[in-house]
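>>> below are the sequence and a predicted model for it; my questions follow.
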Amino acid sequence: MKKIKLIVYFILFASLFSGCIDRYDHNGCYKPKYLSYESLRANYPSVKEPREIAKAGKIYVYGDFILINERGKGIHVVNNSNKEEPKKVKFIEIPGNIDLAVKDDYLYVDSFKDLVVLNIKDINNISEVYTKEDIFPYDYIQTLSQEDLDKNRCGSYDESRGVIVGYE
């Protein structure tokens, strides 16, 4: 009887962890999802339709426009010519973006390790002017969500594979 109970407990214990095995590496850690440097840099800038601001970051006033950073995602462009009714007009997708600055119609942004300079003189025709690669130190947790930060990551990171955009 004691052996049967022991076997039942073992089966129950093993079944608790069987659904999670493919999500972890051999150390019980979540596996990083990478975005290659080539894929990251192939899309500067990616100007998209406006979208909801999930978590506003830094704000910069540029003429009649307000530029609102969304940490790790990019820059929201808001037309503020009518102060009573600001209108979202664009979203500039910049993966890994944390900071922004504007000088003389140029928007300076970071994207993980890179500095990207965009011409925003004509807000309807935003274009990349310059990208300087690998000038910022890369902190692989800088743009992760709280959900990813809460996962057991065990510090595994292979910089040669690109930047980490999440964990699975």
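Noted; the coordinates are in hand.

>>> the residue positioned nearest the centre of the chain and residue 132, how far apart?
In the chain, the C-alpha closest to the average C-alpha coordinate belongs to residue 72, at a distance of 3.4 Å (C-alpha atoms, centre = their mean). Between residue 72 and residue 132 the distance, using C-beta to C-beta, to the nearest Å, works out to 20 Å. For every residue, glycine as well, the C-beta is placed using N, CA and C.

>>> which pLDDT value belongs to residue 12?
Predicted confidence (pLDDT) for residue 12: 47.

>>> same check, this time on residue 150
Here the pLDDT value assigned to residue 150 is 76.

>>> and for the one 3 residues further on?
On the pLDDT scale, residue 153 is placed at 67.

>>> show me what residue 118 is bridged to.
Each beta-bridge partner of residue 118 is listed here: residue 107, residue 128, as defined by DSSP bridges.

>>> what sits against it?
Contacts for residue 118 were tallied using C-beta atoms under 8 Å, 6 or more residues apart in numbering; they are 44-45, 92, 106-107, 109, 126-129.

>>> restricted to buried residues, select these in ChimeraX.
What follows is the ChimeraX syntax for the buried subset of those, where burial is set by 16 or more other C-beta atoms under 10 Å:
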select :44,45,92,107,109,126
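
>>> how about residue 40, phi and psi?
Here the main-chain torsion angles of residue 40 (degrees, to the nearest 10) amount to phi -60, psi -50.

>>> related to what we said a few turns ago, leaving out the residues flanking it, which one is nearest to the residue nearest to the centre of the chain?
Take residue 72 and drop its neighbours on the chain: the residue closest to it by C-beta to C-beta, 6 or more residues apart in numbering is residue 143, 3.2 Å away.
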